[in-house]
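Asks: Predicted structure and sequence below. I'll ask about it afterward.
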Amino acid sequence: MIKPKQPRKFVAPTIPLAALLVAILFCSAPAFAVSKDMVQLQTQIQALQDAVARLQQSNDERMGAMKDLIQQSADSINKMGANVDVMRKQLQTQQETQSGKVDQVSGQIQSLNDSVDEIKARIATLQKLMQDVQSQQQSMSAGMPQPTSSTALPPSNPAPLTAPAPAAPAPNGKKGKPSASIPQAADTPGPAVPPADELYKTALGDYMAAKYPLASSEFGDVVKYYPDNPLSGNSFYYQAEINLRDGHYPAAIKAYDAVLEQYPDSNKVPASHLHKGIALFNMKENEAGTRELRTLIQRFPNSPESMQARSKLSGLGIPVTPKH
């Protein structure tokens, strides 16, 4: 008997477990690789962040050190500036003290010079008085009659007799008798100018008494009547001093120039250079004042006025010698 054909059943193919595992592994491999790259990237980022943090910390430390150095440098500069200021003040004080001492010494020397001038004027006046007294004595001796006693011995060298001058006629027209004992009076002269030393002595006395306008006028008389006398150089100098004291600088400079140009041998030349330079500085003519003081230092390097000129230039920050 023929059996009927039964329909075939579909049988799913069986996949071995090992193959399935391999397939799973192969499918998960790309995801694992991506995860690994992410981990490496995160690691690198973290390392970079750590490096940046360390660099930032290092920079902060360096900036702190630099700030400390800058602060220390600023403190040092401030201390140096303070020390420089102290030294400058000390130097200025020393210069002022030295200048004051030089001014004091110069003033004392000037006072001595004035006293010497006054003494010279007094000596000249005394000499003039002595000469006048001697002249009067000689006139009186010449007018006295010679002794006529017979017992008097004649001089070994008798002087020749001179005829007496005729007497002036009497007012009534009669002739007067000549007299050898009465000298004839000369014609009455006009008002005479006092000698130079007397004029100068009077002017110097008024100057020492602070009567400056009167003294200036009297010094002008010395210059007017005795221009060739050395005392006229001193008179010009004191006129300049009066003008300098009153602030009349151009007039003072003109009088100082008169001393320097017309009386180069006067003992007032160094002081005239110095005070002329000071007057020029007071007039804001610094270049001319500098030249004048340098001329003084060059001509009279060892004089007290030269020391005062050096102190003046140093106080103004001007070199004593010109720079070439």
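Replies: That came in fine, so what should we check first?

Asks: and the helix or strand encompassing Asn59, average pLDDT?
Replies: With elements delineated by DSSP states H and E, Asn59 resides in helix 17-143, which encompasses its position. On average, the pLDDT along helix 17-143 is 73.

Asks: which regions of the stretch 151-300 of the chain sit below the pLDDT cut-off?
Replies: Under the criterion of pLDDT under 70, the regions of the stretch 151-300 of the chain flagged as low confidence span 151-191.

Asks: Now do the strands in it.
Replies: In the stretch 151-300 of the chain, no strands are found when defined by DSSP state E, counting those that start in this stretch.

Asks: buried sites along stretch 257-275?
Replies: Applying a neighbour-count criterion of 16 or more other Cβ atoms under 10 Å, the buried positions in stretch 257-275 are 258-260, 263, 266, 268-275. C-betas here are computed from N, CA, C, even on glycine.

Asks: Quick one: end-to-end distance for it.
Replies: Between the opening and closing residues of stretch 257-275 there is a gap of 11 Å (Cα to Cα, to the nearest Å).

Asks: Check what contacts that stretch and list those residues.
Replies: The contact list for stretch 257-275, computed with Cβ atoms under 8 Å, 6 or more residues apart in numbering, reads 106, 110, 113, 230, 232-234, 236-237, 240-241, 244, 252, 256, 276, 292-293, 295-296, 299-300, 303, 305-306, 308-309.

Asks: For Leu199, the count of nearby residues, please.
Replies: 24 (other Cβ atoms under 10 Å).

Asks: That one contacts Gly220, doesn't it?
Replies: No. Under the contact definition of Cβ atoms under 8 Å, Leu199 does not touch Gly220, with a separation of 9.9 Å.

Asks: Can you tell me which of the contacts of stretch 257-275 are buried?
Replies: Among the contacts of stretch 257-275, those that count as buried by neighbour count (16+ other Cβ under 10 Å) are 106, 110, 232-234, 236-237, 240-241, 244, 252, 256, 276, 292-293, 296, 300, 303, 305-306, 308-309.

Asks: Can you tell me which of those residues end up in helices?
Replies: Cross-referencing those against helices under DSSP state H gives 106, 110, 232-234, 236-237, 240-241, 244, 252, 256, 276, 292-293, 296, 305-306, 308-309.

Asks: can you redo the buried residues of stretch 257-275 as JSON lines with distance to Ser216?
Replies: Output for the buried residues of stretch 257-275, formatted as JSON lines (distance: Cβ to Cβ, whole Å):
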{"residue": "Ala258", "distance to Ser216": "14"}
{"residue": "Val259", "distance to Ser216": "15"}
{"residue": "Leu260", "distance to Ser216": "19"}
{"residue": "Tyr263", "distance to Ser216": "18"}
{"residue": "Ser266", "distance to Ser216": "18"}
{"residue": "Lys268", "distance to Ser216": "16"}
{"residue": "Val269", "distance to Ser216": "20"}
{"residue": "Pro270", "distance to Ser216": "22"}
{"residue": "Ala271", "distance to Ser216": "17"}
{"residue": "Ser272", "distance to Ser216": "16"}
{"residue": "His273", "distance to Ser216": "21"}
{"residue": "Leu274", "distance to Ser216": "20"}
{"residue": "His275", "distance to Ser216": "16"}
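
Asks: Return the member of those nearest to Asp75.
Replies: Of all the buried residues of stretch 257-275, the one sitting nearest Asp75 is Leu274; the distance, using Cβ to Cβ, is 46.4 Å.
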